[in-house]
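Engineer: What would the 3D arrangement of this be:
(chains A and B, ligands or ions: 2)
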Amino acid sequence: MIAIAWLTALETVRQPICLILTTSAVLFIGVLPLVVNYTFGETGKVIRDSGLAVFLLMGVLLSTYAACLSITREMKSGTISAVLSKPVNRTLFLLAKFAGITGIILLYCLLVAVAVIMSERTVSELYEIDFYSAGSLLVAPFVAYLIAGLINYFSDRNFVSNAFALQFIVVMLAFVWTGFVDRTGAMQAFGLLYNWKLIPAAMLLTMALLTLLAIAVTLATRLDAVPTLVICSVVLMVGLLSDYFFGRHAETWWWAEIGYAVIPNWQHFWVVDGLTGGGEIQWSVVWATGRYALLYTTGVLCLAVSLFNFSEIK
Amino acid sequence: MEETSDIVLSVEGLHKVFKDFWGRPRAKAVNGIDFEVKRGEVFGLLGPNGSGKSTTIKMLLGLLHPTRGKIHVLGKPPRDVQSKVRIGYLPEESYLYPYLTARETLDFYGRLFDLSGPERRQRIDQLLEMVGLQHTGRRTIKEFSKGMARRIGLAQALINNPEIVILDEPTSGLDPIGTRQVKDLIQTLAERGKTVFLSSHLLADVEDVCDRIAILYAGQVQAEGSIVDLLQVDEHYLVPLSGLTPDQLQNVLRVLRETLGAEPELEHPRRNLEQFFMEVISKARASGGEISGAGAGKQVADYLQGAEETSGGGDVLEEILKERAPEPSPAAADPASEPVAPAGEDLDGRIDQLLGDQGDPKDE
Ligand SMILES: Nc1ncnc2c1ncn2[C@@H]1O[C@H](COP(=O)(O)OP(=O)(O)OP(=O)(O)O)[C@@H](O)[C@H]1O
Ligand SMILES: [Mg+2]
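Structural biologist: Ligands and ions are numbered 1, 2, ... in the order given. Sure, this is the predicted structure:
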């Protein structure tokens, strides 16, 4: 079923909208320090908070969109009927779809996490901008687009998917290169100026996105694109305020207890406040949240599989 | 693997009611139909729009669940995953991934059957050549015309060299050459012992290829039987005559008049539009011209022909014309006699007129 997973990933990255979402996330995070640096005192925190917020927001859009695209639309347009008339197990089909989108989401998360780390470096000195990190981050997507354009012109390969892949590669190269230079342009040991403490925070957000993706996939087996998007946003909102809505009533009201259990509690995933003032996120927290996410995702996917196995393909 | 019985598809008392979200019945699509399809048969399901053809086909493939009734495909229930290895299916409409190229699409479907790499490549080459799309290169299916997409769909249905081919309106959207090719393909498949089940409302196409048909209306079978039984008009006869001199014709007519005691009807046979179209296109091709759409393609992919007999794979257009060309009758070879209907030359003249002055078109 690698073929289906691969195809899902390919179809997803050939969608212009996925490229647009990732590029705008990268550029937004890249521009952020230029705007923010002269206005606020604690710029590092501002960059972190808003960068990760963009990370989450665009990721939510990307994962729900990809789920709708590859499941709802496939059911509607009938491509699924051609696939399921081949010797393809429905359970494996759905899991392969999930795996394919997961691959794309992971690439996205890595890319945007790197962008946030680079942007935070840009403002590591107050009122001074590090043009090495800011410049290379902002230029990278354009270089990628340019190369993809040239490839498309000369060999007629798909522009969108190439731009997506190249953008990933070029940003990574920029990250590595910038890691070796200090603020004056001299060589240094790799990554001295990077805030590596962002990694656990990014990992938590990645888990959040994958959990949400599982929910979106489940909904997409039965609902249209718009309801899927709406329900996913509601789940996200309510889940962010889960402690407020359900947590404090959980002991007294049965509905609050159910709500608290059923809706994922995004507070577990949003721990960036823990980084303020040089604080650190404990790996044990990441581990515990990872288990929560894994359990939740597995449960939701089981539901998705059983729904999908009995659904009719029209 | 071998079934004991010769019946590969059987449907008994099939009902399908579409329900709405709340489980209330909304449309009765299929209303108690029965039929059986034997191995090696070409079976046609006819019926007006909305008579339940596609619904029936989707139930045969396990995509929809019947409300009531029994279905057996190759002796198994339709949702059996393994029996799908031996089935090829062409869905009714847009069912291809828009962002893939022709080759990627076929490769993907080949992978679903776990075909090995070299085998996939070989089959894909042959199939693309067969449907005349070997030159589409990196263009994605989004940019294809309807008929081109349909051709890929057909290739996709045959990638596993299936025993049963289920085609939902195989000729819709195809040009006459493509239609003709599909009909030839269906016949070749049937000769190779494969079973073809197709639905259509293009009666001419069905008439040309099907052994047996069932006519659906309002979800019920209204008529079923072999084409010959259903269509033959027993009390009428057709006697093709060619190369008669006017005198001979008068003699024949006189004999007929005396025997019947009534004036016989006399008509010239007419070529049909399909044949005329083929000739126009072949002339145009002979005089050169770039093809941006689908080419004519080879006749049938070798692997579908079976290993023992691989055809030379001539051009379908030439094959058709060869087959249809009026055979030189012995009378016409005689310089003394005049042919009654010089349709051949007449038509050539018409084609030259249609194509305008293009130098001298090569003659095949
Ligand atoms: N998903 C569905 N939901 C509700 N009703 C449906 C659905 N699909 C088909 N129908 C109804 O079932 C009936 C049969 O439809 P079907 O698609 O089988 O017709 P068909 O014979 O294939 O027609 P056509 O020649 O137009 O392809 C129609 O009345 C149609 O409205
Ligand atoms: Mg139909």
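Engineer: how many other residues sit next to A:M237?
Structural biologist: 13 (other C-beta atoms under 10 Å in any protein chain shown). Heads up, the C-betas are built off the backbone N, CA and C, glycines and all.
Engineer: try A:I117
Structural biologist: Neighbour count for A:I117, taken as other C-beta under 10 Å: 27.
Engineer: Hmm, it is touching A:Y194, no?
Structural biologist: Yes - A:I117 is within contact range of A:Y194, at 5.2 Å (criterion: C-beta atoms under 8 Å).
Engineer: Was I right to think A:V170 contacts A:F142?
Structural biologist: No - A:V170 lies out of contact with A:F142 (C-beta under 8 Å); the separation is 9.1 Å.
Engineer: Grab the nearest non-local neighbour of A:W283.
Structural biologist: Of all residues not flanking A:W283 in the chain, A:P200 sits nearest, at 6.7 Å (C-beta to C-beta, 6 or more residues apart in numbering or on different chains).
Engineer: what does A:K97 give?
Structural biologist: A:T8 (5.1 Å).
Engineer: For the one you found, pull up the helix or strand it's in.
Structural biologist: helix A:2-13 (DSSP states H and E).
Engineer: Quickly check: the next helix-or-strand element following that helix near chain B or not.
Structural biologist: As assigned by DSSP H and E, the chain's next helix or strand after helix A:2-13 is helix A:16-36. No - Helix A:16-36 lies out of reach of chain B by C-beta under 8 Å from any C-beta of the partner chain, never closer than 10.1 Å.
Engineer: Which residues in helix A:16-36 does the neighbour count mark as buried?
Structural biologist: For helix A:16-36, burial by neighbour count (16 or more other C-beta atoms under 10 Å in any protein chain shown) applies to A:18-19, A:21-23, A:25-30, A:32-33, A:36.
Engineer: by contact count, what packs against the host helix or strand of B:D125?
Structural biologist: Applying DSSP H and E as the criterion places B:D125 in helix B:117-130. If contacts are counted by 3 or more C-beta pairs under 8 Å, 6 or more residues apart in numbering or on different chains; DSSP states H and E, helix B:117-130 sits against helix B:102-112, helix B:146-157, helix B:302-305.
Engineer: Need the mean per-residue confidence for the top helix by length along chain A.
Structural biologist: For chain A, the longest helix by residue count, based on DSSP state H, is helix A:90-122. Averaging pLDDT along helix A:90-122 yields 91.
Engineer: Which helix or strand lies directly C-terminal to it?
Structural biologist: Counting by DSSP H and E, what follows helix A:90-122 is helix A:131-155.
Engineer: Can you pull the residues of the stretch 201-314 of chain A lying near chain B?
Structural biologist: By C-beta under 8 Å from any C-beta, the residues of the stretch 201-314 of chain A that approach chain B are A:312-314.
Engineer: and these, which are buried?
Structural biologist: Buried, going by 16+ other C-beta under 10 Å: A:I313, out of these.
Engineer: how many neighbours does residue 10 have?
Structural biologist: No chain was given, so I picked chain A. For A:L10, using other C-beta under 10 Å, the count is 18.
Engineer: try chain B instead
Structural biologist: B:S10 has 16 nearby residues by other C-beta under 10 Å.
Engineer: Just name the closest of the buried residues of helix A:16-36 to chain B, please.
Structural biologist: A:C18 (11.2 Å; C-beta to the nearest C-beta).
Engineer: To which secondary structure element type does the residue nearest to A:W283 belong?
Structural biologist: helix (DSSP: H, G, I helix; E, B strand; the rest coil).
Engineer: I figured it hits A:I281, correct?
Structural biologist: Yes - the pair A:P200 / A:I281 is scored as a contact, 4.2 Å apart, by C-beta under 8 Å.
Engineer: Dump the buried residues of helix A:16-36 into a markdown table; add distance to ligand 2 as well.
Structural biologist: Listed next are the buried residues of helix A:16-36 as a markdown table, based on distance: C-beta to the ion, whole Å:
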| residue | distance to ligand 2 |
| --- | --- |
| A:C18 | 34 |
| A:L19 | 37 |
| A:L21 | 37 |
| A:T22 | 40 |
| A:T23 | 42 |
| A:A25 | 44 |
| A:V26 | 46 |
| A:L27 | 47 |
| A:F28 | 48 |
| A:I29 | 50 |
| A:G30 | 52 |
| A:L32 | 54 |
| A:P33 | 58 |
| A:V36 | 59 |
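Engineer: Ramachandran angles for B:A27?
Structural biologist: phi -140, psi 130 (degrees, to the nearest 10).
Engineer: Around chain A, which positions in the stretch 101-250 of chain B sit nearby?
Structural biologist: By C-beta under 8 Å from any C-beta, the residues of the stretch 101-250 of chain B that approach chain A are B:108-109, B:111-113, B:137-138, B:140, B:153, B:156, B:160.
Engineer: Quick one, which of the residues you listed are buried?
Structural biologist: With burial judged by 16+ other C-beta under 10 Å, the buried subset of these is B:108-109, B:111-113, B:140, B:153, B:156, B:160.
Engineer: related to what we said a few turns ago, would you mind telling me which of A:V170 and A:F142 has the busier surroundings?
Structural biologist: Neighbours per residue (other C-beta under 10 Å) separate A:V170 from A:F142, with A:V170 holding more: 21 against 13.
Engineer: Residues in contact with the helix or strand that contains the more buried one: which ones?
Structural biologist: A:V170 belongs to helix A:159-180 when assigned by DSSP H and E. Outside helix A:159-180, the residues that touch it by C-beta atoms under 8 Å, 6 or more residues apart in numbering or on different chains are A:10, A:13-16, A:18-19, A:22-23, A:26, A:107, A:110-111, A:114-115, A:117-118, A:121, A:132-133, A:136-137, A:139-141, A:143-145, A:147-149, A:151-152, A:187-191, A:193-194.
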